[in-house]
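Participant: structure for the following, please:
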Amino acid sequence: MKKIGTEIRSWVTSIVIAFGCALLIGVFVIQPTKVSGHSMDPTLHDTQRIFISKLSHTFRYEPKYGDIVIVDSRVDRARSFLDDLEEHPLISLFKGGDDRIVYVKRVIGKPGDVLEFKNHKVYRNGEALDEPYLNEPMNYTSPDKVTVPAGHFFVMGDNRNNSKDSRNIGTVPLDHILGIKM
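Facilitator: Alright, predicted model coming up:
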C-alpha cells in the first residue's frame, strides 16, 4: 500500500511540475494561439493556428513595422500580470477565456508617426505604404491625421475592409501587445 502511495505522489508531483513549466513557457516565452475571423486575410486565415513569441511582451521591446502582433483590444484599461495568467491557454481552458478581446493585427504606426488614410492607401509620415500583403484596396478614408502617442502603436488587419483595429479601438499601448507572430 505504501508503494502505491509513493507512486501516486510521484505522478502528481510530475504533473504539477509539467503544468508549472507549461504555464511559465506560455506566459513568458512562446504561446500557441488561433486566428479568429477574417481580418488578416489573405495572410492568415480563420481558425489557423500560429505561434507567438512572448519575449517582446516579457521584456517590453517594441515590435517593428509590419510585424504581426497579438493585442489585447481592451486599450482603455490597465493590464496586470493576472491578465497574462488568465489568457494562457491552460488557464482559459478551465476558466472559459474570451477570445474576442485578443486581436491578431499588423503594426502600421509606431510612437510619433503621423498616419493618413486617403486614396485607398495608408500614408505614414507623408509616404504611402507599400503593402503587397493586401488583396484589395482599402475603402476607408479620413480627413483627420492620426499622431501615434508615445508608448502606443497603430495596428490594422490585412483585410482592411473587414477589420476591427486601431481605427475602431484606438492606438494600442505597448503593454497590450501580447506577442509577435513567429
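
Participant: next, the contact list for Tyr103, please.
Facilitator: 39, 70-71, 73, 155, 157, 164-165 (C-beta atoms under 8 Å, 6 or more residues apart in numbering). Glycine gets a C-beta too; all of them are placed from N, C-alpha and C.

Participant: is it correct that Gly37 is in contact with Gln48?
Facilitator: No - the criterion here is C-beta atoms under 8 Å, and Gly37 misses it with Gln48 at 10.7 Å.

Participant: centre of the chain to the host helix or strand of Asp84, how far?
Facilitator: Applying DSSP states H and E as the criterion places Asp84 in helix 81-86. Chain-centre distance of helix 81-86: 14 Å, with C-alpha atoms, centre = their mean, to the nearest Å.

Participant: and it, what other elements does it pack with?
Facilitator: Here helix 81-86 touches helix 2-28, helix 89-95, going by 3 or more C-beta pairs under 8 Å, 6 or more residues apart in numbering; DSSP states H and E.

Participant: buried sites along that helix?
Facilitator: Buried residues in helix 81-86, defined by neighbour count with 16 or more other C-beta atoms under 10 Å: 83-84.

Participant: closest one to Arg79 among the helices and strands packed on helix 81-86?
Facilitator: Proximity to Arg79 (C-beta to C-beta) singles out helix 2-28 among the helices and strands packed on helix 81-86, at 12.7 Å.

Participant: and the helix or strand following that closest one, what's buried?
Facilitator: The C-terminal neighbour of helix 2-28 among helices and strands, as given by DSSP H and E, is strand 30-34. Within strand 30-34, the residues that count as buried by 16+ other C-beta under 10 Å are 31, 33.

Participant: partners of strand 30-34 in the sheet?
Facilitator: The strands that strand 30-34 pairs with in its sheet are strand 49-53 (antiparallel) (by DSSP bridges).

Participant: what average pLDDT does the strand it pairs with get?
Facilitator: Strand 49-53 shows a mean pLDDT of 94.

Participant: and if you look at stretch 126-143?
Facilitator: In this model, stretch 126-143 carries a mean pLDDT of 93.

Participant: do stretch 7-20 as well
Facilitator: Stretch 7-20 comes out at a mean pLDDT of 92.

Participant: out of the helices and strands packed on helix 81-86, which gets nearest to Asp130?
Facilitator: For Asp130, the closest of the helices and strands packed on helix 81-86 is helix 2-28, at 34.6 Å, according to C-beta to C-beta.

Participant: tell me what the closest one is packed against?
Facilitator: Contacts defined by 3+ C-beta pairs under 8 Å, 6+ apart place helix 2-28 against helix 81-86, helix 89-95.
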